[in-house]
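S.K.: Give me a 3D structure for the following:
(one chain, ligands or ions: 1)
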Amino acid sequence: MSLVNQRHADELSRGAQQLAVELTPQSQDGLLAYLALLIKWNKAYNLTAVRDPDEMVSRHLLDSLSVVPYVAALGDNWLDVGSGGGMPGIPLAILFPERRFTLLDSNGKKTRFLTQVKLELKLDNLDVVHSRVEAFTPERPFSGIVSRAFSSLEDFSNWTRHLGDGETRWLAMKGLHPNDELQALPADFRVESAHQLEVPGCQGQRHLLILRRTL
Ligand SMILES: C[S@@+](CC[C@H](N)C(=O)[O-])C[C@H]1O[C@@H](n2cnc3c(N)ncnc32)[C@H](O)[C@@H]1O
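M.R.: Numbering: from 1, shown residues only. This is a model prediction of the structure:
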């Protein structure tokens, strides 16, 4: 029996419509193929605590798609820090085939899975890096640095400061609005904008903070 069924496909296309994210037939197929790999590898690799495939559509695919309108408005060279099982980086790489996405994680099991996804889905716009982010030294700054469920805003800024410049946007995907974490934001970072996200099928609050470096 296939791991992904018509119900998942319907929920994905309905949810994407609610998010005003346009899915081409190729991106819809890519997202469902990714979901099937996530379900299959999760059993052995512990990629996500979400075990129920029905929940994965909203908690992983649609949640990742909820930042698409913000990513669309920004540059073309992205880093997903602490990408884990590939959220939000894999859905974004599928949605934006003309942009480059680097998915980084310090856990070798996770990066092995991400490399497998790259190969199976033929995602030529994806680079996978196995490293702690603090030790990562790419050749050029990223235009966007995104993370979901990674760290406090303070650590996210401090550990990735060297990976961006004055033009870079840092996108932090959060649950509740992180009032306390904002108090500890390093002096050279400021919040450019904050957005409450509505993710179809997800209970609880979701927020996106967009940061810039000022110095
Ligand atoms: C809670 S998971 C979140 C995964 C994914 N972003 C998601 O939302 O499902 C956090 C990930 O960050 C990685 N991580 C933690 N500290 C890191 C560091 N300093 N450098 C790189 N990756 C790190 C962990 O290995 C883990 O895969």
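S.K.: Next, A20: phi, psi?
M.R.: Dihedral pair for A20: phi 60, psi 40, per degrees, to the nearest 10.
S.K.: gap between it and the ligand?
M.R.: As defined by C-beta to the nearest ligand atom, to the nearest Å, A20 lies at a distance of 22 Å from the ligand. No exception for glycine: its C-beta is placed from N, CA and C like everyone else's.
S.K.: For burial, what's the neighbour tally of that residue?
M.R.: Residues lying near A20 (other C-beta atoms under 10 Å) number 9.
S.K.: how close does it sit to E198?
M.R.: 11 Å (C-beta to C-beta, to the nearest Å).
S.K.: same deal with W41?
M.R.: 29 Å.
S.K.: Same drill for these two, tell me which one is more crowded.
M.R.: Regarding W41 and E198, a neighbour count based on other C-beta under 10 Å identifies W41 as having more, with 19 against 10.
S.K.: Let me see the contact set for that one.
M.R.: When contacts are counted by C-beta atoms under 8 Å, 6 or more residues apart in numbering, W41 touches L47, F113, Q116.
S.K.: Equivalent analysis for L182, please.
M.R.: L182 sits next to L153, V191 when contact means C-beta under 8 Å, 6+ apart.
S.K.: what's the spacing between it and S193?
M.R.: Here the distance between L182 and S193 works out to 13 Å (C-beta to C-beta).
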